[in-house]
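Undergrad: here is my input, please return the structure:
(one chain, ligands or ions: 1)
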Amino acid sequence: MEFKIGKSKFVIIQGDITKQATDAIVNAANKYLSPGGGVSGAIHKASGCGLADECKRLKGCKTGEAKITEGYNLPAKHVIHTVGPVYGGKADDKIDLKNSYRNCLLTAAENKLKSISFPSISTGIFGYPVKEAAEIAVKTIADFLKENSQIELVQMILFGNSDFEIYKKTALKYLKKSDKICMNNRAISSDG
Ligand code: ADP
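TA: Numbering: from 1, shown residues only. Here you go, the predicted structure:
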């Protein structure tokens, strides 16, 4: 499913983020930037050990912040690592999750990248409810693209089918009034 936001494209896809050839892919990392499991484990496995060596030199990352590395053996040129909130950890979970998405986008823009792929940050091991997280992800990405046209493509990559359906529904709910929708290669208007 595709949306046009400002001059940029926002795409929601079911797939494996390690296979995405965007300028950057985002890693839902832990605060030590160690490989761990989940999407982080998959990214480190596909990148080779150069990524873990570079991550060690970064000396960790705080919740809501983002740090960039090379992509090594990945099809993506860079990995942007962010630490999402552990759900229920504190009252600021929503702000932290928003900051994670926003700081990844800002880091990509600062490094003159034109395309970026996100996984569903915090909704695995960190336990954030997917519906609430999807709403924050969609709104934060859309707000950023409305004010910044440097990033031409943002992809949301959902691993599982139920997450994919939730993100699509959320995007239709929040984006349909102002943005053109493209489904199955057929452009349909926001009214259609
Ligand atoms: P967190 O610790 O931030 O919750 P996880 O890695 O546990 O991060 O999960 C985040 C999301 O990433 C989950 O929805 C999980 O299904 C998904 N995920 C796991 N592997 C991949 C992958 N290869 N590509 C895309 N998403 C993935």
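Undergrad: hang on, Ala76 packs against Asn27?
TA: No - counting by Cβ atoms under 8 Å, Ala76 stays clear of Asn27, with 10.2 Å between them. (Each C-beta comes from the backbone N, C-alpha and C, glycine too.)
Undergrad: phi and psi next, for the residue nearest the centre of the chain.
TA: In the chain, the residue lying closest to the centroid (Cα atoms, centre = their mean) is Phe118, at 2.0 Å. Phe118 adopts backbone torsions of phi -110, psi 140, taken as degrees, to the nearest 10.
Undergrad: the closest residue to it other than its chain neighbours pairs with what?
TA: Nearest residue to Phe118 in three dimensions, chain neighbours excluded: Val26, at 4.7 Å (Cβ to Cβ, 6 or more residues apart in numbering). Assessed by DSSP bridges, Val26 has beta-bridge partners Ile80.
Undergrad: got any ranges where this structure has weak pLDDT?
TA: For the chain, the stretches flagged by pLDDT under 70 are 176-192.
Undergrad: get me the contact residues on it for the ligand.
TA: Proximity of the chain to the ligand is confined to 16-18, 28, 38-40, 42, 84, 119-126, 157, 159-160, 163 under the rule Cβ under 6 Å from any ligand atom.
Undergrad: and the gap between Glu65 and Lys9?
TA: The gap separating Glu65 from Lys9 is 26 Å, by Cβ to Cβ, to the nearest Å.
Undergrad: then Asn161?
TA: Distance of Asn161 to Lys9, given as Cβ to Cβ: 23 Å.
Undergrad: what segments of this structure are helices?
TA: Applying DSSP state H to the chain gives helices spanning 38-47, 49-57, 93-110, 130-147, 161-175.
Undergrad: what does the last one rub up against?
TA: Contacting residues not belonging to helix 161-175 are listed as 1, 3, 5, 10, 12-14, 120, 123, 130-131, 134-135, 137-139, 142, 156, 158, 181 [Cβ atoms under 8 Å, 6 or more residues apart in numbering].
Undergrad: of those residues, buried ones?
TA: The neighbour count (16 or more other Cβ atoms under 10 Å) marks 1, 3, 5, 10, 12-13, 120, 123, 130, 134-135, 137-139, 142, 156, 158, 181 as buried among the contacts of helix 161-175.
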